[in-house]
Each structure stands twice: as structure tokens, then as C-alpha cells.
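Visitor: Curious how this folds, go ahead:
(one chain, ligands or ions: 1)
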Amino acid sequence: MKIIIMGAGLLGVTTAYFLGRQGHEVIVLERQKGPALETSFANGGMITPSQAYPWNRPGIFRKLLAWMGDEDAPFLLRANAVLPLLGWGISFIRNSGMQRYLLNMQKNAKLAAYSLNILKQLRQQHDMHYDETDKGTLKIYKNDKSLQEGLQLSERFSDAGIQFKPLNGQEVLTLEPALNDVSDDIMGGIYYPDDEAGDAYEFCRLLARQAEINGVQFKYQIDVIGLECSAGGISGVESTAGRYVADAYVLAMGSYSALLAKQVNIYLPIQPVKGYSLTLELNGWQTGPTIPVIDESMHAAVVPLGCRLRVAGMAEFSGYNTDISQSRIDNMFRFVSTLYPEFAAFLDRSSALQWVGLRPYTCDGVPLLGRTPLNNLYLNTGHGHLGWTMASGSGKLVADLISQRETALDISPYQLDRF
Ligand SMILES: Cc1cc2nc3c(=O)[nH]c(=O)nc-3n(C[C@H](O)[C@H](O)[C@H](O)COP(=O)(O)OP(=O)(O)OC[C@H]3O[C@@H](n4cnc5c(N)ncnc54)[C@H](O)[C@@H]3O)c2cc1C
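Guide: Numbering: from 1, shown residues only. Okay, here's the model as predicted:
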């Protein structure tokens, strides 16, 4: 079969790789100069089945209202984003009821756990290295109430096979001595031993190369501008380099998938949620952190990636705007310097990579995989804050579906027709 994949982020690259392995003729159309140069470029780097819950947790509506307009808030809803968010926002709130939230969390946990296994297989098979670590994730808490809530949530996840270990303040420091300077602020923590981390960009670059070895063609600097539709299916893709025709098409353009799908009257409930990251050289800091740490109170994380630290966080509803807000960047510098005061002596702000990305967020916090109402158009998008965590498994599932192979997980909970 001839297959066109639109988008070469984490989801486009993994899908292309598996389809190539399955013997198809695969062409990937990507507007950037290489793979993973948009949202998959400098994300938090965490592969965390343990954090696979949707953001629209019970109580989120009140929190969003309280944080509205506050530049320092972890979730920021800008006034000019309210109108375009209306329909999506109502579903987002509706999905924050306890029952739906738990159901959506289970769906994500299943996909994330499957995905981590596939990632491990890929790493072993191709001897790939992308500053990966398999030391788990440490989540720290500053007060008992949020620690207890975190523990309750983790209990729910243990049904999906996700291990966790509650830690008191001293045990947190034993696990991550780099937190010693802030020991007074840490009430306790939760350790998730099975999580991993790594550089998503480097992974995509390496996997794209493997896909090319299997015959996949990556065509860069080509903008997909339209879809042609006839007889209940897609008959071609219009691009800045002309028309492309295939037997099947996969939409994997992250937040932009919704805009293209709209052209063929398919509504994808996806909105962009802007996030920030800093990538900082360790500059010889020998006693730096070795485990990714999530600070629950800040909704932000610091992740060691080889000789760098990635600091990531913030969620801003501001449409497709990718401007970098200096106050948010300052917040992130403050966050890492507060968590690791010793780093101040090594931190070189001028060489920091400051970055924003748009998380493609569905209104129920679960990605969109598989079939659409058009018979040869497939989706692999909408992975929100979990695209790296879920990429390898999602790519394999969508490829297996297109190749009419048995999928390891039932794909129906992730399909568009759940809405
Ligand atoms: C700050 C931040 C931190 C994050 N941290 C984590 C984390 O720690 N762990 C985790 O699991 N996930 C994390 N994520 C989420 C993860 O990065 C995303 O879910 C993932 O990158 C989405 O991948 P994608 O392939 O769907 O989209 P993208 O990476 O955006 O890929 C889509 C591709 O489509 C291309 N494209 C778009 N429109 C067109 C067009 N018209 N024509 C041609 N090409 C087009 C784009 O150039 C892009 O390359 C984070 C995200 C952010 C922003």
C-alpha cells in the first residue's frame, strides 16, 4: 500500500517507522527542515506512564477561573482565547467529572504502559541512545494534603500495573541528594521506578534514519495546504510542492491536525496548549540531579538529559500563538534555581535554549488514534502532555490497524467516534 503521513513529529515518525517495517511505500510530508522541530523538539523529556492522567481533573474549572490572567499561574487562560475555546472548553469541563476522569486515566495508563514496552524494544533493536535514563520519576510535595491526594491517585494507577513508592522527606533526599538544600520545604514524595526519560528530538532523528533505511521517504519543507475528498475518502493531498496521492493518509500534525481536518468537515476536539522549556548546560556541575523531579506545587519538572538539564512546565491557553513570554521564562529560571540553589554557580543564562511548544490537547485528555469517517484517513494526534510517553505504542497501533494486523490493544477507546 502507498501511505502518506502528514507531520514528522513524534507521532508521524513512529507511525512511518512501523509502516515502513511492515513493507508499505511511505512518504512523510513535513513543513520543517527535519523531524521533530515543533512540539516534539524540547519537551520535558519524561516518559511517564505514572503521570498518564488527563489534566482536566475534578475541580479544574474553579482553578482555571482563579488563575485567569495570573502570569505566574501554572495554568493560564488568556482572555482572548476564551471564545475559540468555548465548545471544546465545555467538553473539557464535562470530562473533569470523577467518573469520566478515572475512565480516561485508565485508557491513557494502558496506552502509556504499552508504549514504554515498545520504546524499550526499539532501543534494544537499533541500539539507539538519546540521553535516555531509566531511573524512574520522583514527584515532590510541599504539604501533606497534596501528598495524600497524590498517593490516592497513584493507588488508582496501580490497577493498571504502575508501581509507586511513598517517601518521607529523608527518603526523598536519599534518593536524590541534589535536593538537600531545599530539604526544609519538602514534606515527602512519591517515587515511580518504572518511568524513563530521554531527548525526544534525538529519538525522532534516530528513528527517522531507521525508517529511511526501510525505504520511508521524508520530504521536508513541504507545507500541506489541503485535502481533497471524494467518494467517502481522501483522493489527494495538496501541498506547496504539488499534489500527492496515496491509498491511505495519516494525519499527525499535532495541534494543526484540527485545522486541516476541518477542511473535510471532520471536527477534531483538539486545542493547542502552550508550554515552555529551558535547556541548560550543566557546565561541570558534578553533584547535579540524576532523577527527573516533578514539583507538584509548580506543575513543572527538571529532567537530567546527559550533560544538560531540561526544565519544563506551564500550560497556557492562548490559541496558536508561539511568542515567548519573558516573565514565564524568568519563572522557569527561578524555579530551577530555587529547587537546586547550588546550580546558581554553574548556570549560564545566556546559553540557555528558551523554547515553547503547543501541546495538542483533546477535550477528554485522551489521544485520537485510528479511523475517521473518511475510509482511508487515519489519525495519530491529540496526545497533549503525553506525546513522548505514548508515541512508540501509538505509532505501532496505528500502523497495525492500517496493515489490518491484530492490534495489541483495543484501539476503539482512542478513536474519534467516541465523541
Ligand atoms: C513544554 C512541554 C513539555 C512537554 N513534556 C512532555 C513530557 O515530558 N513527556 C511527554 O510525554 N510529552 C511531553 N510533552 C508533549 C509532547 O511533546 C507532545 O505531545 C508531542 O510532541 C506531540 O507530537 P506530535 O507529533 O503530535 O506533534 P508535533 O511534534 O507538533 O509534530 C507535528 C508535525 O507536523 C508538522 N506540521 C504541522 N502542520 C503542517 C503542515 N500544514 N504541513 C506539513 N507539516 C506540518 C509540524 O512541523 C510538526 O513537525 C510536552 C509538551 C510541551 C509543549
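Visitor: pLDDT at the spatially closest residue to Ala261 that is not a sequence neighbour, what is it?
Guide: Nearest residue to Ala261 in three dimensions, chain neighbours excluded: Leu268, at 4.8 Å (Cβ to Cβ, 6 or more residues apart in numbering). All C-beta spots, glycine's among them, are computed from the backbone N, C-alpha and C. Leu268 is assigned a predicted lDDT (pLDDT) of 97.
Visitor: my guess is Ala211 is in a helix, correct?
Guide: Yes - read with DSSP: H, G, I helix; E, B strand; the rest coil, Ala211 is one of the residues of a helix.
Visitor: pLDDT value on it, please?
Guide: With respect to pLDDT, Ala211 scores 98.
Visitor: do Lys145 as well
Guide: pLDDT, Lys145: 92.
Visitor: Roughly how far does it sit from Met187?
Guide: 9 Å (Cβ to Cβ, to the nearest Å).
Visitor: Those two: who's more crowded?
Guide: Taking neighbours as other Cβ atoms under 10 Å, Lys145 and Met187 compare with Met187 leading, 15 against 10.
Visitor: can you tell me which residues contact the more buried one?
Guide: Listed by Cβ atoms under 8 Å, 6 or more residues apart in numbering, the contact partners of Met187 are Tyr141, Lys142, Asn143, Asp144, Leu147, Gly169.
Visitor: In the residues you listed, find the pair that's most separated.
Guide: Spatially, the most separated pair among the contacts of Met187 is Asn143 and Gly169, at 12.0 Å (Cβ to Cβ).
Visitor: and Thr48, what does it touch?
Guide: Thr48 touches Ala112, Thr137, Tyr192, Asp195, Leu386, Thr389, counting by Cβ under 8 Å, 6+ apart.
Visitor: do you know how far the residue lying closest to it once chain neighbours are set aside is from the ligand?
Guide: Closest residue in space to Thr48, ignoring its immediate chain neighbours: Asp195 at 4.7 Å, by Cβ to Cβ, 6+ apart. Separation of Asp195 from the ligand (Cβ to the nearest ligand atom, to the nearest Å) stands at 10 Å.
Visitor: Asp195 contacts Ile47, correct?
Guide: Yes - taking Cβ atoms under 8 Å as the definition, Asp195 is a contact partner of Ile47 at 6.1 Å.
Visitor: So which of the two has more stuff around it?
Guide: When Asp195 and Ile47 are compared for neighbours, Ile47 comes out ahead with 30 against 25, by other Cβ under 10 Å.
Visitor: need the helices for the chain, in chain order.
Guide: Counting by DSSP state H, the chain has helices at residues 10-21, 60-67, 82-94, 98-126, 144-158, 169-175, 200-213, 257-263, 326-339, 387-402.
Visitor: can you state the direction angle for the first one and helix 387-402?
Guide: Interaxial angle, helix 10-21 versus helix 387-402 (axes from the mean of the first three to the mean of the last three Cα atoms, to 10 degrees): 40 degrees.
Visitor: If you rank the contacts of Thr48 by neighbours, which is first?
Guide: Thr389 (31 neighbours).
Visitor: Just read off the phi/psi values of the residue nearest to Ala261.
Guide: Main-chain dihedrals, Leu268, degrees, to the nearest 10: phi -100, psi 120.
Visitor: That one: what's it in contact with?
Guide: Counting by Cβ under 8 Å, 6+ apart, Leu268 touches Ser257, Ala258, Ala261, Lys262, Thr362, Leu368, Leu379, Thr381, Gly382, Leu416.
Visitor: Need the max-distance pair from those.
Guide: Lys262 and Thr362 (15.1 Å).
Visitor: ok, these two, which is more surrounded?
Guide: Thr362 (28 against 12).
Visitor: In contact with that one, which residues?
Guide: Thr362 neighbours (Cβ under 8 Å, 6+ apart): Leu268, Pro269, Ile270, Leu368, Gly382, Gly384.
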